[in-house]
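1. Predicted model, plus sequence, below.
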Amino acid sequence: MSGNPSRHVAIIPGDGIGREVIAEAVRVLREADRRYELGLVFAEGLAGGAAIDATGDPIPEQTVALCRRSQAILLGACGGPKWDHGPRERRPEQALFTLRKAFGLFANLRPAAVSAALLAASPLRPEVVEGVDILIVRELTGGLYFGAQSRTGAGEAAAAMDTLPYSACEIRRVVRKACQIARARPRRKVTSVDKANVLETSRLWREVAGEVAREFPDVAVEHMLVDNCALQLVYNPRQFDVIVTDNMFGDILSDEAAGVIGSLGLMPSASLGEEPPGLFEPVHGTAPDIAGRGVANPLAAILTGALLLRYGLGLEAPAAAIERAVQQALRDGQRTADLSGGRPGLGTAAMADAVLARLH
Ligand code: IPM
Ligand code: MN
């Protein structure tokens, strides 16, 4: 496959354990690149607290330009106690919002699959979680997160308001994305989650989701109220295949799904728009309590690298190879401290070595 065009990947380690785990994810991607001749070219940029310290800006224009030149973005995590007290536009999270908006990353994919080797990590009974394989598709550039906000008055007269706007077009494109993804999965089922018994935006959501469903006769689309979905995720998580929902509900339900699986250190995510670059980041955040000690679990970042190959660059074979290597390492009992049930675990680099040794 020599003569392949270069594929440019922006690497944004960010803050906290982001730096440690992204270094390992890049090591695994380089090995996949070597074996499969993918033509990957990496370039590093600053965002989050690291960028605030270096430039005063959580997301310097230079970083946005780097991302614009890239076909995919691999990001560690942004934030930390050091930067928690700045004004809104000077907080690390701002980097995430800017990137989500700048690249129109309206669909956030958060897979929550139980690995057979880690059934015991779930707080639920093994017979309830065995075989769970859920993909949450969260709308990421609309709704409560981006609606008008206001704050008026003072003291007991103080009042605040957030607004929840959605247009048919914003709903349609994310539900379509969910149905397209469901089509490529064995069960071909989509649960569209809303609060249509109360919210007008949810009634629109349900209408549009119903229209999209008719475009996908081969996908079974069902509707579920968000409170019931929260219950069903714990009660009978195996019923779900793809879940599609709005920004706020998706934020909450995806953390709940992580809790059901019980291994946040294993959860990757992909944020996609109509065209590249997509943004790929592990779900776990910066974990300031363990940052800098070389003990963080790199598997979520490594699995995020696999999503980058699959959804960011359309490279299924190396993506699947990385996922297989991770599962094999887990089956062989390789564990970082977060998953070792109190026994000493492998460090960050050693766990990545365990994956590399099983990558074929
Ligand atoms: C997430 C995070 C972010 C969000 C925070 C850090 C703003 O919780 O990616 O789920 O709410 O989108
Ligand atoms: Mn969240």
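-> It's in. Ligands and ions are numbered 1, 2, ... in the order given.
2. CA only for contacts and neighbour counts going forward, please
-> OK.
3. Just confirm Ala354 contacts Gln334, I think it does.
-> Yes. Between Ala354 and Gln334 there is a contact at 7.1 Å, judged by Cα atoms under 8 Å.
4. residue ranges of the strands in the protein, please?
-> Here the chain has its strands, by DSSP state E, at 7-14, 40-44, 72-77, 107-113, 133-139, 149-152, 159-162, 189-194, 220-225, 242-245, 268-272, 278-282.
5. got the angle between the second one and strand 72-77?
-> Angle, strand 40-44 to strand 72-77, by axes from the mean of the first three to the mean of the last three Cα atoms, to 10 degrees: 40 degrees.
6. Strand 40-44 vs strand 7-14, what angle?
-> Using the same axes, to 10 degrees: strand 40-44 against strand 7-14 is 30 degrees.
7. can you list contacts of strand 40-44?
-> Ser6, Arg7, His8, Val9, Ala10, Ile11, Ile12, Pro13, Arg30, Asp33, Leu66 (Cα atoms under 8 Å, 6 or more residues apart in numbering).
8. and stretch 269-278, what's its mean pLDDT?
-> Averaged across stretch 269-278, the pLDDT comes to 97.
9. hmm, who's touching it?
-> So stretch 269-278 is contacted by 67-68, 70-73, 100, 103-111, 140, 279-283, 304, 307-308, 311-312 (Cα under 8 Å, 6+ apart).
10. Just the buried ones among these, please.
-> Among the contacts of stretch 269-278, the ones that count as buried by 16 or more other Cα atoms under 10 Å are 67-68, 70-73, 100, 103-111, 140, 279-283, 304, 307-308, 311-312.
11. Which residues are in contact with Glu256?
-> Ala230, Leu233.
12. where's it relative to Ala182, distance?
-> Distance, Glu256 to Ala182, using Cα to Cα, to the nearest Å: 21 Å.
13. circling back: wait, which of the strands of the chain is closest to Leu231?
-> With Cα to Cα as the criterion, Leu231 lies closest to strand 220-225 of those, at 10.1 Å.
14. name the helices or strands packed onto that closest one?
-> Taking 3 or more Cα pairs under 8 Å, 6 or more residues apart in numbering; DSSP states H and E as contact, the helices and strands that strand 220-225 lies on are strand 189-194, helix 200-215.
15. closest one to Met248 among those?
-> Closest of these to Met248 is strand 189-194, at 10.4 Å (criterion: Cα to Cα).
16. Report the angle between that closest one and strand 133-139.
-> Using the same axes, to 10 degrees: strand 189-194 against strand 133-139 is 40 degrees.
17. roughly how far is strand 189-194 from the heart of the chain?
-> Offset of strand 189-194 from its chain centre (Cα atoms, centre = their mean, to the nearest Å): 18 Å.
18. Equivalent analysis for stretch 27-38, please.
-> 22 Å.
19. And the contacts of it?
-> The set of residues external to stretch 27-38 that reach it, using Cα under 8 Å, 6+ apart, is 1-2, 4, 6-7, 39-40, 302, 305, 318, 322, 352, 355-356, 359-360.
20. Now that stretch: buried residues?
-> Under the neighbour-count criterion of 16+ other Cα under 10 Å, stretch 27-38 has Arg27, Val28, Leu29, Arg30, Glu31, Ala32, Leu38 buried.
21. Put together JSON lines for the residues you listed, with pLDDT on each row.
-> Shown next, in JSON lines, are the buried residues of stretch 27-38 (pLDDT from 0 to 100):
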{"residue": "Arg27", "pLDDT": "98"}
{"residue": "Val28", "pLDDT": "98"}
{"residue": "Leu29", "pLDDT": "98"}
{"residue": "Arg30", "pLDDT": "98"}
{"residue": "Glu31", "pLDDT": "98"}
{"residue": "Ala32", "pLDDT": "98"}
{"residue": "Leu38", "pLDDT": "98"}
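22. Closest to Leu266 out of the residues you listed?
-> Nearest member of the buried residues of stretch 27-38 to Leu266, counting by Cα to Cα, is Val28, at 15.4 Å.
23. quick one: low-confidence parts of the stretch 1-150 of the chain?
-> 1-4 (pLDDT under 70).
24. which residues in it form helices?
-> Using DSSP state H, counting those that start in this stretch, the helices of the stretch 1-150 of the chain run over residues 17-36, 49-55, 61-68, 93-102, 126-129.
25. closest to Arg172 out of those helices?
-> For these, distance to Arg172 was read as Cα to Cα. The smallest value, 17.7 Å, belongs to helix 93-102.
26. Show me which residues of that closest one are buried.
-> Buried residues in helix 93-102, counting neighbours by 16+ other Cα under 10 Å, are found at Glu93, Gln94, Ala95, Leu96, Phe97, Leu99, Arg100.
27. still on that earlier bit, out of the helices of the stretch 1-150 of the chain, nearest to Thr348?
-> Distance to Thr348, taken as Cα to Cα, is lowest for helix 17-36 among the helices of the stretch 1-150 of the chain, at 7.0 Å.
28. Relative to the whole chain's centre, how far out is that closest one?
-> Centre-to-centre, helix 17-36 and its host chain are 17 Å apart (Cα atoms, centre = their mean).
29. Out of the buried residues of helix 93-102, which is nearest to Pro87?
-> Gln94 (10.4 Å).
30. Isn't the closest one up against Arg88?
-> Yes. Assessed by Cα under 8 Å, Gln94 is found in contact with Arg88 at 7.4 Å.
31. Tell me how far Tyr166 lies from Phe249.
-> Distance of Tyr166 to Phe249, given as Cα to Cα: 13 Å.
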